[in-house]
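S.K.: here is my input, please return the structure:
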Amino acid sequence: MKPMPPAAAGWALCALTLPLGAGAAPASAPANAPLQLETLEVFGSPPPGADTIRFEADDLGAAATDTVRLLARAPGVEVVENGPLSGQLQIRGLFGPRIGVRLEGLHVLSGGPNWMDPPLYVAPAGLLDSVTISKGLTGMGVGPGLGVEAEARWKQPAFSQGGVRPWVDVDARTRSVDGGTALTAGLGLAGERHRLHVAGSREEGDDYEAANRTVRPSAYDRSAGVVGYGFRGDSGELSLSWKHIESGDTGTPALPMDIEFLETDIVQLEASRSFGERTLHVVLGTSTVEHGMNNFEQRPVGMMVRRTLTDVTGHEARLWLETPLADGALETGVDWRTARHDATVFDPTMPMFFLENFDDAEQTIASAFAEWQRSLGPRTTGRVGARLTRTAADADEVNALPATLVDANPDGFPPGTPPRGVFTLRERFNGADRSRVDVEFDWSASLRHGLTDTLAVEGGIARRSRAAAYQERFLWIPLEATAGLADGNSYVGDPQLEPEVSHEVEIALLHDGERTQGNLRAYYRSIDGAILGVRSADPLEIAISTGNTGDPTPLRFANVDARIQGIEGSFRWQLGSALRLDAVGAWQRGERREDGDDPLYRIAPANGRIELTWTRGALDLTVSQEFVASQDRLSAIQLDDPANGKNNFEETDAFTLTHLYASWRPRRDTLLQAGVENLLDENWVDPLAGFVRAGGGELAFGERVPGRGRNLFARIAWSLD
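M.R.: Below you'll find the predicted structure:
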């Protein structure tokens, strides 16, 4: 892969070639790019415990539509897929609101309460320049949150060294499994001081084919564009951009509704300024999302016809300073962001029906951090950091048609009738204290020591915390608005949830030889007060969930103690001048520390990948074999409810998949990629897949969504810069 570009002034660059390989992902990871090399971005000297993985444009091949599937090739990184554009990153067992995702420094907002547009939805592969994944022993600059994060950057022209130069970028892709096509084009000009560019992409595809049937609804439609300007002065840079991403009819087979439309606008400013040895960075931005979804246009109409409209507005400001201190490097900064969410459910067949799912559900997070690292000897580097975070949440009163019927005629709807039940839940929520302020202090410490010239050991400990998401707090009536859990359960929130507090420890052994490289990492994370679903014992919640959603066993978000542990390993061996062997594997498990050690939902089983790559000049040919163990550790609390037909308690089988791919760069500005994933057209099920929520087709309601069948893909990319 390409070397990492220089970091901001005051940062030095050190790229350590460590194998990362693809195999830690379950089979949803595509076979369209070689195994990646782990690169460590450092400040002065290698930071202890750095575990940063950078994917660049050439690594993002053509086999997958969803960018998340392209990233699930690194140890401990998986994909949680609810639809062709609705994939979420899972990093070491954490996903959903526990993963921070930024686009060029700005946190990404999801417009739907069920995350039909999870954060990396705003990162179409053709427009991407790079994605950096931070996991493991990350510093306090990654956060606030549990310390796992991904940052995406779109393509843009680089400033030239002399005169004005044109910038052109064209990327075309096609794939057979869903007849999908994607076309991206960018134009711009760049000089020594100024740069200006526009770029856009268009993607569409039909329902995808599994080995022996068609998965409906899984067609997709997405367009994206950007206008950007940059200025470079003698001591700093400034960038301004406006990005627009929109989708039309797009299926989400593991969710109760499908995307009708999505319109996301992001306006942001990035700036940096050097003052001698100090560098100041600023990021400012605002985001808006308008979203419509329904359960009748792309799937058979059920007993209840529903349409939901949502809108989200968010603002963010970040500032951090890098400066030398006491023979080391100090980074200090502040973060502030706020978001407001509204969502209302309608019934097109009954114009008077409405249900306010969320009304001005707000969350504001403000934090400050400091981190210092320095060399402790010829082979040793240490790092310590701390972050103080204040999270404030609140929501307005809610309402629904059934409750207003009781308002108008209390005697006509006595206790035991459905409208009275909705009325009672509304009164409980509106009469409760919905405001909450949490203040948390997090810290981390890590150490790296070189045992020899080619072998190093690193380790660290950390305390990190996360406040509840708005869905977990303000879901007042049993519904599946759960940030994409896709477990088939209805949930109720709790405005007074305590923050999750994670204590983690990690140790790693790293080898970087001339012909062989390898790493082995082990980690343990204990989460006090993890926000998980517990079975509701409230007769009213059970009755309403049974009648309205068909789930007689609803869950309630609550603080539950949990743990996650795992081992990741990767190995690379240059067998000769033209032949290379890569192998990776991962094992992880998670369970509640109470409730009989019930396994956590959607934790990937043991998996791995072996790849053999032959290189001749600009041509790479790779054969890849992927292995995924059976998943027999299932959450009984979330899945063992036979009365709920929207999920099941059946383990997924082990499987292997074979992939072939080729990459050829005939000229520096031209890249050709082609290949086939799932060569033998195996019938397989991703153990992280959700459950089919659209009946009436070839798939049974409540079964696991099957994986993709044989897929032939191709890509051509051309750039002028």
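S.K.: ok, now which ones touch Leu325?
M.R.: Trp372 (C-beta atoms under 8 Å, 6 or more residues apart in numbering). Where C-beta positions appear, they are placed from N, C-alpha and C, glycine not excepted.
S.K.: residues near Leu376, how many?
M.R.: The local packing of Leu376 (other C-beta atoms under 10 Å) involves 16 other residues.
S.K.: whoops, Pro351 was the one
M.R.: When counting by other C-beta under 10 Å, one arrives at 8 neighbours for Pro351.
S.K.: before we move on, what about Gly145?
M.R.: Residues contacting Gly145 under the criterion other C-beta under 10 Å number 24.
S.K.: so it is in contact with Arg464, correct?
M.R.: Yes. Counting by C-beta atoms under 8 Å, Gly145 does reach Arg464; the two are 6.8 Å apart.
S.K.: pLDDT at the residue nearest the centre of the chain, what is it?
M.R.: When C-alpha atoms, centre = their mean is applied to the chain, the residue found nearest the centroid is Leu89 (3.3 Å). Among the per-residue scores, Leu89 shows a pLDDT of 91.
S.K.: do Thr482 as well
M.R.: For Thr482, the predicted pLDDT is 96.
S.K.: for the one 4 residues further on, same thing?
M.R.: Ala486 is assigned 95 on the pLDDT scale.
S.K.: my guess is it contacts Pro253. True?
M.R.: No. The pair Ala486 / Pro253 is not scored as a contact, 9.6 Å apart, by C-beta under 8 Å.
S.K.: what is in contact with the two at once?
M.R.: Joint contacts of Ala486 and Pro253 (C-beta under 8 Å, 6+ apart) are 82, 690.
S.K.: Leu679 versus Ala543, what's the distance?
M.R.: According to C-beta to C-beta, to the nearest Å, Ala543 and Leu679 sit 51 Å apart.
S.K.: so what's the residue nearest to the centre of the chain up against?
M.R.: Residues in contact with Leu89 (C-beta under 8 Å, 6+ apart) are 68, 71-72, 77-80, 95, 99, 101, 120, 133, 150.
S.K.: and for Gln496?
M.R.: Applying C-beta under 8 Å, 6+ apart, the residues near Gln496 are 433, 436.
S.K.: do the one 10 residues further on as well
M.R.: With C-beta under 8 Å, 6+ apart as the criterion, the residues that contact Glu506 are 49, 136-137, 459-460, 521-524.
S.K.: helix or strand: which one has it?
M.R.: Glu506 belongs to strand 500-512 when assigned by DSSP states H and E.
S.K.: got it, and Arg390?
M.R.: strand 380-394.
S.K.: pull out the buried residues from the top strand by length along the chain.
M.R.: Criterion DSSP state E: the longest strand present in the chain is strand 354-377. Using 16 or more other C-beta atoms under 10 Å as the burial criterion, the residues of strand 354-377 that qualify are 355-359, 361-374, 376.
S.K.: thinking again about what came up before, in strands, which of the contacts of Leu89 fall?
M.R.: Checking the contacts of Leu89 against DSSP E, those in strands are 77-80, 95, 101, 133, 150.
S.K.: and these, which is closest to Phe296?
M.R.: Minimum distance to Phe296 across the ones in strands among the contacts of Leu89 is 25.8 Å, recorded for Val80 (C-beta to C-beta).
S.K.: check what pLDDT Asn548 gets.
M.R.: Reading off the model, Asn548 has pLDDT 87.
S.K.: residues near it, how many?
M.R.: 18.
S.K.: so which elements touch the helix or strand hosting it?
M.R.: When secondary structure is defined by DSSP H and E, Asn548 falls within helix 539-549. Applying 3 or more C-beta pairs under 8 Å, 6 or more residues apart in numbering; DSSP states H and E, we find helix 539-549 packed against helix 418-431.
S.K.: how about the helices in the stretch 601-721 of the chain?
M.R.: 636-639 (DSSP state H, counting those that start in this stretch).
S.K.: now the strands for the stretch 601-721 of the chain?
M.R.: For the stretch 601-721 of the chain, applying DSSP state E, counting those that start in this stretch gives strands covering 607-616, 619-628, 655-667, 670-677, 711-720.
S.K.: packing partners of the first one?
M.R.: Read that as strand 607-616. So strand 607-616, by 3+ C-beta pairs under 8 Å, 6+ apart, packs with strand 579-592, strand 619-628.
S.K.: quick one: the shortest one to strand 607-616, angle?
M.R.: Yep, that's strand 619-628 we're talking about. Going by axes from the mean of the first three to the mean of the last three C-alpha atoms, to 10 degrees, strand 619-628 is angled at 170 degrees with respect to strand 607-616.
S.K.: I'd guessed Thr310 sits against Asp342; true?
M.R.: Yes. Contact criterion C-beta under 8 Å: Thr310 and Asp342 qualify, at 6.3 Å.
S.K.: pLDDT weak spots in the stretch 51-200 of the chain?
M.R.: 51, 57-64 (pLDDT under 70).
S.K.: one more time with 50, if that's ok
M.R.: The model of the stretch 51-200 of the chain has no residue with pLDDT under 50.
S.K.: for the chain, same thing?
M.R.: The model of the chain has pLDDT under 50 over residues 1-50.
S.K.: could you give the number of residues near Leu672?
M.R.: Other residues within reach of Leu672, judged by other C-beta under 10 Å, total 16.
S.K.: and it, how far is that from Gly608?
M.R.: Using C-beta to C-beta, we find Leu672 at a distance of 29 Å from Gly608.
S.K.: do Ser367 as well
M.R.: Going from Ser367 to Gly608 by C-beta to C-beta gives 38 Å.
S.K.: next: Trp154.
M.R.: Per C-beta to C-beta, Trp154 is found 32 Å from Gly608.
S.K.: could you do Pro113 as well?
M.R.: For Pro113 relative to Gly608 (C-beta to C-beta), the value is 36 Å.
S.K.: same question, Val122
M.R.: 31 Å.
S.K.: what do you get for Asn82?
M.R.: In terms of C-beta to C-beta, Asn82 sits 25 Å off from Gly608.
S.K.: again with Leu485
M.R.: Leu485 sits 27 Å away from Gly608, going by C-beta to C-beta.
S.K.: looking at those two now, which is surrounded by more residues?
M.R.: When Leu485 and Gly608 are compared for neighbours, Leu485 comes out ahead with 26 against 22, by other C-beta under 10 Å.
S.K.: ramachandran angles for the more buried one?
M.R.: Main-chain torsions, Leu485, degrees, to the nearest 10: phi -60, psi -40.
S.K.: repeat that for Asp681.
M.R.: With angles defined as degrees, to the nearest 10, Asp681 sits at phi 60, psi 50.
S.K.: dump the residue contacts of the residue nearest to it when sequence neighbours are not counted.
M.R.: The shortest distance from Asp681 to any non-neighbouring residue, by C-beta to C-beta, 6 or more residues apart in numbering, is to Arg710 (4.2 Å). By C-beta under 8 Å, 6+ apart, Arg710 lies in contact with 176-177, 211, 676-681.
S.K.: need the outlier residue of this protein, farthest from its centre.
M.R.: Asp411 (49.2 Å).
S.K.: in a helix, that one, correct?
M.R.: Yes. Counting by DSSP: H, G, I helix; E, B strand; the rest coil, Asp411 is located in a helix.
S.K.: extract the C-alpha trace of the helix or strand harbouring Ile53 and format it as PDB.
M.R.: Assigned by DSSP H and E, Ile53 falls within strand 52-56. C-alpha atoms of strand 52-56 as PDB (Å, rounded to 0.1, in the frame of the first residue of the first chain):
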ATOM      1  CA  THR A  52      -3.900   2.100  13.700                       C
ATOM      2  CA  ILE A  53      -4.800   0.600  10.300                       C
ATOM      3  CA  ARG A  54      -4.900   2.700   7.200                       C
ATOM      4  CA  PHE A  55      -6.700   1.700   4.000                       C
ATOM      5  CA  GLU A  56      -6.100   3.800   0.900                       C
END
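S.K.: give me the beta-bridge partners of Trp580?
M.R.: That one is not Trp; residue 580 is Arg. With DSSP bridges as the criterion, Arg580 is bridged to Gln574, Thr613.
S.K.: that one reaches Thr615, doesn't it?
M.R.: Yes. Counting by C-beta under 8 Å, Arg580 does reach Thr615; the two are 7.1 Å apart.
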